[in-house]
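Chemist: What shape does this take:
(one chain, ligands or ions: 2)
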Amino acid sequence: MSDLVSDLIHSFVPDREKSGKVIGLFFGSFNPIHIGHLILANHFVNTNELDEVWFVVSPQNPHKSKASLLDEKHRLAMVKEAIDDNLKLKASDIEFDLPIPSYTIDTLAYLKEKHPTYQFALIMGEDNLRSFHKWKNFDVILEKYPIFIYPRVYTVQELAKTEALKENELLKHPHVQMVDAPLMKISSSFIRRAIQNKKSIQYLVTEPVRKYLDEMNFYR
Ligand SMILES: Nc1ncnc2c1ncn2[C@@H]1O[C@H](COP(=O)(O)OP(=O)(O)OP(=O)(O)O)[C@@H](O)[C@H]1O
Ligand SMILES: O=C(O)c1ccc[n+]([C@@H]2O[C@H](COP(=O)([O-])O)[C@@H](O)[C@H]2O)c1
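Modeler: Ligands and ions are numbered 1, 2, ... in the order given. The predicted structure follows:
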């Protein structure tokens, strides 16, 4: 599995010894950050092909409504709390000073300008890849960056033997690599609904995040 990640990175960065850091960018609303996000990021850190994974908190996804979206400062604060104990995971507020909604191509251009020696790769859940063709300049992103996909609906094995692959042609693109990892049926919307319904969210988010949400009375 890690070979596939390694091959794709290698096609962008032939000589790791001489290159700057390789950073996996994990873009998201993180409303709020949950253990699915953490397991996913850790999966890519574990491949040892990425020096770091940055959680880029988007103030506003161009395709999502603002309803129930917490202020970005709180979402960022919770990301920081959740990844505090892992030196390879970082939180980024780079989109806070960019125009809203947050178009990924613009953030990538800005990041490349700020860190010219770094190679950036994108990390996303398979659901995001399904709507990727609607993103601004998605073809340019696809041409310039490796994209790693974490399964969300189908495992790699299911995709290989079912008609499901046809649903997502982009999975066949040479710059797109899906990893073999367990499915996690957890989402931020499930957590927001659970809080609204006065259910416990223990274990679905880290303890510092649970306390933060509780103390601030968020999503009730
Ligand atoms: N359980 C999961 N499995 C795989 N990918 C996930 C999972 N949860 C989130 N992601 C991915 O994390 C990134 C950020 O997602 P986001 O912050 O929107 O979380 P979400 O749980 O999908 O939120 P919501 O339920 O509010 O839509 C996206 O690329 C998404 O595909
Ligand atoms: O650039 C685009 O056109 C675009 C369209 C939809 C989503 N995105 C980004 O995709 C990321 C994932 O969003 P979300 O809300 O599913 O966590 C987030 O950073 C969005 O800004 C980007």
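Chemist: In three-state terms, label the residue with the largest distance to the centre of the chain for me.
Modeler: Distance from the C-alpha centroid of the chain peaks at Lys198, with 27.9 Å (Cα atoms, centre = their mean). Following DSSP: H, G, I helix; E, B strand; the rest coil, we place Lys198 in the coil state.
Chemist: what's it sitting at in phi/psi?
Modeler: Dihedral pair for Lys198: phi 60, psi 30, per degrees, to the nearest 10.
Chemist: Quick check: it vs Ser102, distance?
Modeler: As defined by Cβ to Cβ, to the nearest Å, Lys198 lies at a distance of 32 Å from Ser102. Every residue, glycine included, has its C-beta placed from N, CA and C.
Chemist: what does this structure have sitting close to ligand 2?
Modeler: With Cβ under 6 Å from any ligand atom as the criterion, the chain comes near ligand 2 at residues 27-29, 58, 61-64, 102-105, 128, 135-136.
Chemist: now do 8 Å
Modeler: With Cβ under 8 Å from any ligand atom as the criterion, the chain meets ligand 2 at residues 27-31, 56, 58, 60-64, 95, 101-107, 124-125, 127-128, 131, 134-138, 141, 188.
Chemist: Lowest average confidence across helices and strands of this protein, where is it?
Modeler: When the helices and strands of the chain are scored by mean pLDDT, DSSP states H and E, helix 164-167 comes last with a mean of 64.
Chemist: Tell me the strands beside the helix or strand following it, with direction?
Modeler: The element immediately downstream of helix 164-167 (helix or strand, assigned by DSSP states H and E) is strand 176-178. Strand 176-178 sits in its sheet next to strand 147-150 (parallel), going by DSSP bridges.
Chemist: who's the residue of the chain found nearest ligand 1 bridged to?
Modeler: Closest residue of the chain to ligand 1, Cβ to the nearest ligand atom: Gly125 (2.1 Å). Bridge pairing for Gly125 (DSSP bridges) gives the partners Tyr150.
Chemist: This structure: helices as residue ranges?
Modeler: 2-12, 35-46, 72-83, 104-114, 126-130, 138-144, 156-161, 164-167, 188-196, 207-216 (DSSP state H).
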